[in-house]
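*Asks:* Attaching a predicted model along with its sequence, questions to come.
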Amino acid sequence: MINPPLRSPREKTGRLYYFGRMIDKIRLHLRGELPEDYQANFGQIRSLDGLLAGFLNLTHAAIVERVKQGGTDEEILEWCFAQGVRPNETQIYVWNGFAEKLGWHDSVSRTVARIREARGAAGLETIFDCIDADEGRAIEADA
């Protein structure tokens, strides 16, 4: 796989897992540089893109439109909070816990198992693990 300049899903922006990565993907998409391997799930409701947008009470398309206007990650996140929902500490804790465990004993487990088998990588337990391994990052124990 091509390693585009994407942050790990574990990197936080405004205390939220995955937000910076989603913005990275949107920016690549807007420049026509998002690799084909990333396009199938881009913005899909049940992908991390769509789930995070929904968590913020926005659509992925609305966030794409905001990213088109430019600005820092923090400015875009603040816009998301103003237009959608500003999660409290408990909600952020729940989102981060959900996001980092996606694929571990849930509806995405089959996808993780398929990726783990295809790569012969026993340590892949979550989607975050699969993404980081696929992009050449070390898998964090107890992430």
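*Replies:* Good, I have the coordinates. Residues are numbered from 1 along each chain as shown.

*Asks:* which residue sits farthest out from the middle of this structure?
*Replies:* For the chain, the residue at maximal distance from the C-alpha centroid (Cα atoms, centre = their mean) is residue 120, at 23.4 Å.

*Asks:* Burial check on residue 103, number of neighbours?
*Replies:* The tally of other residues near residue 103 (other Cβ atoms under 10 Å) stands at 23. C-beta coordinates here come from the backbone N, C-alpha and C atoms, glycine included.

*Asks:* Would you mind confirming that it is in contact with residue 116?
*Replies:* No: the criterion here is Cβ atoms under 8 Å, and residue 103 misses it with residue 116 at 9.6 Å.

*Asks:* shared neighbours, the two?
*Replies:* Contact with both residue 103 and residue 116 is made by residues residue 130, according to Cβ atoms under 8 Å, 6 or more residues apart in numbering.

*Asks:* what pLDDT does the residue farthest from the centre of the chain get?
*Replies:* Residue 120 is assigned a predicted lDDT (pLDDT) of 78.

*Asks:* I'm done for today, thanks for sticking with me.
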